[in-house]
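Chemist: Attaching a predicted model along with its sequence, questions to come.
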Amino acid sequence: MKKIVLLVSMLVIALTLSGCLYSNITIPLDTDADKTVLGNKTGTSNCYSILWLVAWGDAGSAAAAKNGNISTINHMDTRNVTVLFGAFVKQTTIVYGN
């Protein structure tokens, strides 16, 4: 019985803490990806957070479009990099268009 409790406890901890040391994920912000045309240009914008105390930046779609010289946005992704339970976080908005 103790082995089952230990196994379940380890499983819960592993699922709860997955990606807590380092994660780098990109997520599409689109509901109909099969009909999406990306476009010829790409633009990015970033915001950062350090030690849960300070945060700065503009990760908005307008800033990303401006940085990529895009007037029509066709698709957007978001990329999140997290280190050590969020001690450092970088969020990037990626826009595609013309």
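Modeler: Perfect, thanks for sending it.
Chemist: starting at the chain centroid, how far to the helix or strand of the chain with the lowest mean pLDDT?
Modeler: Scoring the helices and strands of the chain by mean pLDDT, DSSP states H and E places helix 2-16 at the bottom, with a mean of 74. Computed by C-alpha atoms, centre = their mean, to the nearest Å, the chain-centroid distance of helix 2-16 equals 28 Å.
Chemist: what ranges do the strands span in the chain?
Modeler: Along the chain, the segments classed as strands by DSSP state E run 22-28, 41-50, 54-57, 73-83, 88-97.
Chemist: which of the ones you listed sits most buried?
Modeler: The highest average neighbour count among those, using mean count of other C-beta atoms under 10 Å, belongs to strand 88-97 at a mean of 20. Yep, even glycine has a C-beta here, placed from its N, CA and C like the rest.
Chemist: follow-up on the earlier one: for Lys35, which of the strands of the chain is the nearest?
Modeler: For Lys35, the closest of the strands of the chain is strand 73-83, at 10.2 Å, according to C-beta to C-beta.
Chemist: What strands line up against that closest one, and which way round?
Modeler: Take DSSP bridges as the rule and strand 73-83 pairs in its sheet with strand 22-28 (antiparallel), strand 88-97 (antiparallel).
Chemist: Turn those into JSON lines, columns for mean pLDDT and distance to Leu7.
Modeler: Below are the strands paired with strand 73-83 laid out as JSON lines (pLDDT from 0 to 100; distance: least, C-beta to C-beta, whole Å):
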{"stretch": "strand 22-28", "mean pLDDT": "88", "distance to Leu7": "25"}
{"stretch": "strand 88-97", "mean pLDDT": "94", "distance to Leu7": "32"}
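Chemist: from the chain's centre, how far out does stretch 47-62 sit?
Modeler: When distances are taken as C-alpha atoms, centre = their mean, stretch 47-62 is centred 12 Å away from the chain's centroid.
Chemist: Next, the distance between the ends of that stretch.
Modeler: End-to-end distance of stretch 47-62 (C-alpha to C-alpha, to the nearest Å): 13 Å.
Chemist: re earlier: just the C-alpha atoms of the least confident helix or strand of the chain, please, in CSV.
Modeler: In CSV, the C-alpha atoms belonging to helix 2-16 read as follows (Å, rounded to 0.1, in the frame of the first residue of the first chain):
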residue,chain,number,x,y,z
LYS,A,2,2.9,2.4,0.8
LYS,A,3,4.3,1.8,-2.6
ILE,A,4,1.1,2.8,-4.3
VAL,A,5,0.8,6.0,-2.2
LEU,A,6,4.5,6.8,-3.0
LEU,A,7,3.9,6.2,-6.7
VAL,A,8,0.8,8.3,-6.8
SER,A,9,2.5,11.1,-4.9
MET,A,10,5.5,11.1,-7.3
LEU,A,11,3.1,11.2,-10.3
VAL,A,12,1.2,14.2,-8.8
ILE,A,13,4.5,16.0,-8.1
ALA,A,14,5.8,15.3,-11.6
LEU,A,15,2.6,16.5,-13.3
THR,A,16,2.4,19.6,-11.1
